[in-house]
Structures are given as C-alpha cells and as structure tokens.
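Q: no sequence on this one, just coordinates:
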DNA sequence: ATTTTAGATGAAAAAGATTCTCATTATCAT
DNA sequence: ATGATAATGAGAATCTTTTTCATCTAAAAT
C-alpha cells in the first residue's frame, strides 16, 4: 500500500505502528495533532500501539521530513504532515483551533534580521495567539445571557 | 529599598523571596533566565528559597507585568525584566545565546494577519533560530584542526 | 507595640509531557 | 524460511511546572 512506499522512500522500515500513525495523520480532519491525540485515536481504533512508540515515530517522521513539529505556549506541541509549504500558525487561546498563514514579507524580513545579526538561519517559529471569530461570538452569547 | 516599592506598586506584598528574585533579575548579566537559573543563583547566594516559590513568584511577576515570559523550542521558557519595549528573539542553537530584535514591519503585518483571519490578537511569539557568529567561527576552528 | 488576618512560603507530592531502558518481536535482505 | 538488525511495548525515568497543605509573615487593625 501507498503508505509503506512512502515510509521506505523516507528511509524508514514500513512497520505497523508507523503505517498506522501515518494513516491517522492523513485521515484526521485535524491538521495539527499532538502525540497524545494520535495515541488516543489509535487506542479507540483498537490498535495496540504504545504512547512511547507514537512519540518515537513522530520524532522519526520529523527527522525524515514527513511531518513538521510546532511548539506552542505552555509546552504543547503538535505535528502535521509536511506538504512542503512552509507556513506559520495563528491559534485561538480559547478553543485551541489552529489556522495557518504565510506572509512573504515577514519571511523575507526574518532572513534579513538573521543575516544582520550575523546568524546562519536554521529555523524560525512565528505563532500568533488570539481569540477566533467563533469564540468571540460565543463570548457575546454568554454576555447577553448574563 | 527600591525593590519593595516596585513590588507594592505592582500590587504585590514585598516579601523576601519576591525581593530576592527581583534582585537576581536586575543584577544578572543574563537578560533571559529560566526559573531554574534563578533558583540556582539564589541557592549559591545562600538564600533559602524553594524552587516552587521561584516559579510562583515569576508567574506573579508576569501577571503584574514586571517580567515577560518567552517559550522556546523544547519546552524551555525564560523570563526577563519588562522594560516596556516589546521585542522578539533570535537565538543560537549551539550556545543558547539569546539576542533581541524588533521589526515594525513584521509587527504590523502580524496585526493585519490576525485581523484578516478574524482573530482578536492577544499575543504573539516570533523566535528565529540559527548559529551565531561566534559559533560559526568556532566551527571553522574545529574544521581546520581536523 | 501587639494582635489579627489574609496572603505567602517551603517541602514534598503530583501532574504533564517526553524520553529512555530493556526484554521481546517484527522487518527485510539473503 | 532465516538470521541480523532495527523497532516495539510497558513501564520506569526525567524534566519542567503546578498543587497541596501546614506553617509562617507582611501589612493592617488595635
């Protein structure tokens, strides 16, 4: 099956846990999932895969560039399939929803800043935190009830 | 003494642990310190202040806007005195050095992006990771030896 | 100056996320 | 099929941070 191929192409043995984790990442409607999320889905699906393995697999996937890891405030990280398109995140502090965005101007200025500071840029992370539209209207609802 | 005043002005009782933590933040040459760093300095200074208290105090300081907390990759956070000037961080993945920068263009685009996505912006964090000039030349040194 | 009282502290336990250990098992090349 | 190599599961370990709770202290009241 296709996932096995993809794993081997990435230089990883096509083991059951890896295939299953990859399936979860591909099939879930959530684009951003924590290790625990993946683990729970596998549990509910009746798979017998340990949490430690999920962590290991996700870390390997990251190394193999299959997924990208993002670290958010509060020591909470999520993984997402790497579709080649770099992007940053904007997330809701109420409901945890994660949206993506790209801004070429920001990207360029970051490179300039790194160069000016004498750094060889290896990575960057830009996260914007806020209250999403849904949670704003939910808050209004609550207001009107009180 | 001045620190007591500052604490009361911030709405916090001027207790010994708070004063000591504030002193450490003011006197250390490192501008960015983790809770553990502060704790160790206090230990070495012979102060009898628990790690839990350091965490509590730093969290309170953050709430009182005396310090700002930044979360870096790998679940590692640092605190720094809040001098009113917002800035982002660029840090060296080799030596851990942290530099600061501000870019008005980036700041503005972030606000625009949040607005366009329908979010009420509450916070943002931009961290650039790279290899600093010092570590680059250190790497060259190592090269020439081999 | 002494008492009062709300709030703060220290020590240890708990929690949460992630990594490590190691005996067992599965994968892939042969 | 089979063996060498690498991966897995379960639980222990680690690391950072938070919580609990009995004790203590800063600041207000007397």
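A: Right, received. Where do you want to start? Small disclaimer: the values here were computed from a predicted structure and weren't measured.
Q: count the residues that sit near the closest residue to DNA strand D within chain A.
A: Proximity to DNA strand D, evaluated over chain A using Cβ to the nearest atom of the strand, is greatest for residue A:53 at 2.9 Å. C-beta here means a position set from N, CA and C on the backbone, and glycine is covered the same way. Neighbour count for residue A:53, taken as other Cβ atoms under 10 Å in any protein chain shown: 19.
Q: which ones are touching it?
A: residue A:17 (Cβ atoms under 8 Å, 6 or more residues apart in numbering or on different chains).
Q: for residue A:75, see how far away it is.
A: Per Cβ to Cβ, to the nearest Å, residue A:53 is found 21 Å from residue A:75.
Q: can you point out the buried residues in the worst-scoring helix or strand of chain A on mean pLDDT?
A: Ranking every helix and strand in chain A by mean pLDDT, DSSP states H and E puts helix A:133-145 at the bottom, with a mean of 84. For helix A:133-145, burial by neighbour count (16 or more other Cβ atoms under 10 Å in any protein chain shown) applies to A:135, A:136.
Q: which residues touch that helix?
A: A:92, A:94, A:95, A:97, A:131, B:118, B:119, B:120.
Q: which one of those is nearest to DNA strand C?
A: Within the contacts of helix A:133-145, the smallest distance to DNA strand C is 16.0 Å, found for residue A:95 (Cβ to the nearest atom of the strand).
Q: the closest one: neighbour count?
A: Residue A:95: 12 neighbours (other Cβ under 10 Å).
Q: contacts only, for residue A:74.
A: residue B:71.
Q: if we can go back for a sec, name only those of the contacts of helix A:133-145 that count as buried.
A: Buried members of the contacts of helix A:133-145, counted by 16+ other Cβ under 10 Å: A:92, A:97, A:131, B:119.
Q: excluding sequence neighbours, find me the nearest residue to the third one.
A: Closest residue to residue A:131 in three dimensions, ignoring its sequence neighbours and counting by Cβ to Cβ, 6 or more residues apart in numbering or on different chains: residue B:120, at 4.5 Å.
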